[in-house]
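Engineer: Need coordinates for the following:
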Amino acid sequence: MGIISSTVLKLAHIYQNNNQVVDSSSGWQNQFEVFMKGGACKQVFMDFQDCVDNSKKKNETIGQCYPMLHKCMEAHSDYYMPIIAMSKASLKVLDESLVKTFLPSTTVSLNEINEDEDEKFVEFMKGGGCKESYTAWHDDCNFTEEEAEKNKDLVTKCAGLFGKLSKCLDVHSDYYHPILAVKKTTEEHLEKELAAFFAEES
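Structural biologist: The predicted model follows:
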């Protein structure tokens, strides 16, 4: 499978959304930050924030910041399960939206898409101004979760490549607007889920 099914896309997407939450300074966003610091990943979360801030100051992608937080949250999933579950629910929205956008006549789930159907998406991605950054990411980062567990450097590298791709998509938004619309839908879903969760916690 290509970009649609990549673990790295999902990983980077989730934490890019979480980074947007961290940057905000009011309401449930503050509760999110308090929650993240309330578990065993407090220091890792603070390091993650510093990593993001430093990367932004240097005008670098923030992809390398994600894996350390993801690994810690998974290791302490008993506490972080609400956030992990919401992230997974958002991935389902992402998957479904990608299928509807690129394969509207398909009734199968994302995991059941065949190579020919996946190739339609690959052709679209290579058809715009982000061909090089997409190809670098696609060729180097199409691996399984098991492979990711064995090679954390690969995950970090691919998160960085995804960050470059993400910036490129924004620059070429006229062509990639279907992808950006899917991203926005997924972000909105995650933000609603997080807001509802923290409203219940209040």
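Engineer: State the next helix or strand along the chain beyond the host helix or strand of D50.
Structural biologist: Secondary structure assignment for D50, by DSSP states H and E: helix 42-57. Along the chain past helix 42-57, the next helix or strand (assigned with DSSP H and E) turns out to be helix 66-75.
Engineer: Now do that following helix: which elements does it pack against?
Structural biologist: The criterion is 3 or more Cβ pairs under 8 Å, 6 or more residues apart in numbering; DSSP states H and E, and the helices and strands that helix 66-75 contacts are helix 7-23, helix 42-57, helix 77-102, helix 152-171. Where C-beta positions appear, they are placed from N, C-alpha and C, glycine not excepted.
Engineer: Now do the helix holding D50 and helix 77-102, the angle between them.
Structural biologist: 40 degrees (axes from the mean of the first three to the mean of the last three Cα atoms, to 10 degrees).
Engineer: what is the mean pLDDT for helix 42-57?
Structural biologist: Taken as a whole, helix 42-57 has a mean pLDDT of 88.
Engineer: swap in stretch 136-148?
Structural biologist: Along stretch 136-148, the predicted local confidence has a mean pLDDT of 76.
Engineer: And for stretch 73-81?
Structural biologist: Confidence over stretch 73-81 (mean pLDDT, whole number) is 93.
Engineer: From the rest of the structure, what touches it?
Structural biologist: By Cβ atoms under 8 Å, 6 or more residues apart in numbering, the surrounding residues in contact with stretch 73-81 are 36, 38-41, 83-84.
Engineer: Looking at those, which one is closest to T156?
Structural biologist: Lowest distance from T156 to the contacts of stretch 73-81 (Cβ to Cβ) belongs to C41, with 17.2 Å.
Engineer: What distance do you get for the closest residue to that closest one other than its chain neighbours to E119?
Structural biologist: When the adjacent residues along the chain are set aside, C41 lies closest to C72, with 4.0 Å between them (Cβ to Cβ, 6 or more residues apart in numbering). With distances taken as Cβ to Cβ, to the nearest Å, C72 is found 36 Å from E119.
Engineer: the more surrounded of those two?
Structural biologist: The residue with more neighbours, out of C72 and E119, is C72; 20 against 12, by other Cβ atoms under 10 Å.
Engineer: And the helices and strands packed on helix 66-75: which comes nearest A181?
Structural biologist: Distances from A181 to each of the helices and strands packed on helix 66-75 were compared by Cβ to Cβ, and the smallest falls on helix 77-102, at 7.5 Å.
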